[in-house]
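Novice: Task: produce atomic coordinates for the following.
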Amino acid sequence: MDALLVEATRGDRVESRHAGSAVVIDAHGAVLFQAGDIDAPFYTRSTVKALLALPLVETGAADRLGLTDAELALACASHVGEPVHVETAASMLHKAGQQPGCLECGVHWPTSRAGQRALVEAGAEPSALHNNCSGKHAGFVCLAVDAGVAVQGYVRPEHQTMRQVTAALADMTGARLDDGNRAIDGCAIPTYAIPLRALALGFARFGAGIGMHPDRHRAASRLRAAVAANPVLVAGPGRFDTRVMQAFGGAVFSKMGAEGTHVLSLPEQGLGIAVKCADGATRAAELVAAALLARHVPATPEQQALLQTLVRPRLQNWNGTEVGTLRPAGALASS
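Specialist: Residues are numbered from 1 along each chain as shown. Sure, this is the predicted structure:
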């Protein structure tokens with residue numbers, strides 16, 4: 001059953017409520033906090049990009065192709081399509097000897113105004129490089145090229161590359177992944193419905209290195225370092241994940257997903273956090289993630305100030321007048 005997580009106020013009344021589930025777990029499986037049903041399966045969407053990037057590093061493909069930390073960060077990203085994102089994805093493909101046309105993620109306009117403006121001013125149309133998942137897909141292409149297998153069809157479940165990354169996801173989360181819980185993500189790759197508990201466990205392991213082969217542990221550490229050094233590439237200016245990782249560096253890995261999903265990995269505490277809002281609201285998932293982060297990571301005054309703005313964001317009208325706020329509710333407010 002879903003639990004109340006977030007309330008939206010307008011004036012002195014509660015106008016809306018967001019329900020869902022959330023969990024904080026350590027790398028051995030001990031639950032430190034839970035709200036709602038943490039064992040109900042749900043589609044993890046883009047939260048798992050860093051876990052899917054593990055084979056790119058642990059197989060040695062990233063080193064053999066000369067991928068930089070910035071390019072590895074983009075492989076974990078849901079970016080906003082600004083020029084730096086597009087150029088980094090193109091560089092990954094160039095190192096693999098491929099053209100943007102090989103990407104099978106689809107095309108959409110950049111989600112940032114700066115990215116849109118750059119295209120309009122150039123008189124250009126968007127390409128697959130502008131897709132928010134182009135870095136992840138470029139990573140898949142690099143993995144396929146390094147293995148000497150055909151790139152075409154890499155998004156299909158039976159392709160060698162997709163089998164590799166799916167196996168990594170299954171190993172990290174301990175979840176069963178097959179056609180019984182598989183659907184198609186927005187960018188055309190498989191997405192799997194797994195329990196929130198398993199997702200959080202995967203990210204606890206991702207940070208702590210517990211239950212991982214040494215090669216995978218090194219790969220996870222390298223990806224976390226790459227993301228910490230390039231937080232703007234993982235999302236974009238002003239985005240939640242970028243702001244959190246700019247403030248906390250390697251102490252926090254943060255990744256949003258579609259339909260109100262979010263994960264955090266806290267390497268120093270050995271904890272994983274996973275959130276799913278039942279109504280798919282990103283604003284609620286981010287607030288829950290920030291509230292749980294504030295409870296479990298020591299923060300400087302500057303970091304505390306950021307978390308406070310994320311835990312109780314102000315709601316403004318088009319004139320910039322504050323009209324309400326979002327706030328933690330239910331177990332999230334009382335515990």
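Novice: what about the residue nearest to Gln99 when sequence neighbours are not counted, distance to Ala188?
Specialist: With sequence-adjacent residues excluded and distances taken as CB to CB, 6 or more residues apart in numbering, Gln99 is closest to Leu93, at 6.6 Å. The C-beta positions use only the backbone N, C-alpha and C, and glycine is treated the same way. As judged by CB to CB, to the nearest Å, Leu93 and Ala188 stand 17 Å apart.
Novice: Export the longest strand belonging to the chain to CSV, keeping only CA atoms.
Specialist: Identified as the longest strand of the chain according to DSSP state E is strand 13-26. What follows is strand 13-26, C-alpha atoms only, in CSV (Å, rounded to 0.1, in the frame of the first residue of the first chain):
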residue,chain,number,x,y,z
ARG,A,13,-4.6,24.7,3.2
VAL,A,14,-3.3,21.5,1.8
GLU,A,15,-4.1,21.5,-1.9
SER,A,16,-2.5,18.3,-3.1
ARG,A,17,-1.0,15.1,-1.7
HIS,A,18,1.6,12.7,-3.2
ALA,A,19,1.7,9.1,-2.0
GLY,A,20,4.2,6.4,-2.8
SER,A,21,7.0,4.3,-1.2
ALA,A,22,10.5,5.0,0.0
VAL,A,23,13.3,3.0,1.6
VAL,A,24,16.8,3.5,3.1
ILE,A,25,18.8,0.3,3.2
ASP,A,26,22.4,-0.8,3.9
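Novice: what helices or strands is it leaning on?
Specialist: Here strand 13-26 touches strand 3-10, strand 31-35, helix 196-208, strand 271-277, helix 282-296, going by 3 or more CB pairs under 8 Å, 6 or more residues apart in numbering; DSSP states H and E.
Novice: Buried residues, the shortest one. List them.
Specialist: Along strand 31-35, the positions that meet the burial threshold by neighbour count (16 or more other CB atoms under 10 Å) are 33-35.
Novice: need the residues you listed in JSON lines with distance to Thr261, can you?
Specialist: Shown next, in JSON lines, are the buried residues of strand 31-35 (distance: CB to CB, whole Å):
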{"residue": "Phe33", "distance to Thr261": "17"}
{"residue": "Gln34", "distance to Thr261": "16"}
{"residue": "Ala35", "distance to Thr261": "15"}
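Novice: and the spatially most central residue of the chain, what does it touch?
Specialist: Compute the mean C-alpha point of the chain, and by CA atoms, centre = their mean the closest residue is Lys255, 2.8 Å away. By CB atoms under 8 Å, 6 or more residues apart in numbering, the contact list for Lys255 reads 46-47, 49-50, 76, 78, 234, 241, 262-264.
Novice: Strands - which of these land there?
Specialist: Cross-referencing those against strands under DSSP E gives 262-264.
Novice: and those as a markdown table, adding distance to Arg205?
Specialist: As requested, the ones in strands among the contacts of Lys255 are arranged in a markdown table below (distance: CB to CB, whole Å):
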| residue | distance to Arg205 |
| --- | --- |
| His262 | 18 |
| Val263 | 12 |
| Leu264 | 13 |
